[in-house]
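1. The following comprises the amino acid sequence and a computationally predicted model.
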Amino acid sequence: MCDFNDLDDTAKQVYHEQLTECANSFGGTNFFLQLLEAIRRTKPHPLTAKNCEFTFSRGAVKWDKVIFADKITLLVEVRTSESERKNLLPDQSEKSYKRVLNLVRTLKPITFDVIPKNMKDGDGFILHPFDIIDEKTTRLNPLFDAVFFCSIETTKKALAYTPKAS
C-alpha cells in the first residue's frame, strides 16, 4: 500500500474504494485522517499498548491480544521488503524466515476494531493484519498498513485517487 504510485490503475482503484469505505464508516475523510495523525504522533507505537486499546478524541481502536514491541519492530522491518518479493514471508532458506513466520502466526488471529466515538459518525470497521494467499504467500493487509504504518501523504493520495479516463 505504501508504494501506491507503483501500483497499476486497477489496484489503485481497489485501494481507493477500500480506504474510502473505511473513512466513511469512521465519519468521513477528515475524521479518518485525524485518526491516522493521532496514531503517527503516539510514541511508543500504539499497537504495543498493554490495554489493547488506542483512544483519541474521535474514537478508538481495540484489539484482543497484547502485541510486544519486538513484533512491531520486526513487522516494520519486513514490510519494506514485501513489495519487492510480493510476499511478507522471506524465502525458507533465509535466517529470518522462522521469526517472520512466528510473527504472522502471532498477529494473524488478531482483529482490530476501529470505532468512532459518536455512533452518528458511522459503524466503524474491522481490520486484519494479513492477507493469507496460500501456504507460502502472506501479504500485509493494505488497510492495516495504511492505518498503522504508511505516511499520511500516501494515504491522502489513495483517498483522492481518480481513475484515468480511457
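-> On my side now, so go ahead. Residues are numbered from 1 along each chain as shown.

2. Skipping its backbone neighbours, what lies nearest K117 in space?
-> G59 (4.7 Å; CB to CB, 6 or more residues apart in numbering). For every residue, glycine as well, the C-beta is placed using N, CA and C.

3. That neighbour pairs with what?
-> Bridge pairing for G59 (DSSP bridges) gives the partners F56, P116.

4. any idea how far it is from A49?
-> Distance of G59 to A49, computed by CB to CB, to the nearest Å: 15 Å.

5. out of those two, which sits in the busier spot?
-> Set side by side, G59 and A49 show more neighbours around G59, with 23 against 17, by other CB atoms under 10 Å.

6. Confirm for me that the more buried one is in contact with F26.
-> Yes: in terms of CB atoms under 8 Å, G59 counts as a neighbour of F26; the distance is 6.7 Å.

7. shared neighbours of the two, which are they?
-> L35, V114, P116, D121, G124 (CB atoms under 8 Å, 6 or more residues apart in numbering).

8. didn't A60 look like it was pressed against A49?
-> No: counting by CB under 8 Å, A60 does not reach A49; the two are 10.8 Å apart.

9. Tell me the secondary structure at the residue most central in space within the chain.
-> The chain has F144 as the residue nearest its centroid, 1.5 Å off, counting by CA atoms, centre = their mean. Three-state call for F144 (DSSP: H, G, I helix; E, B strand; the rest coil): helix.

10. This completes my enquiry, with thanks.
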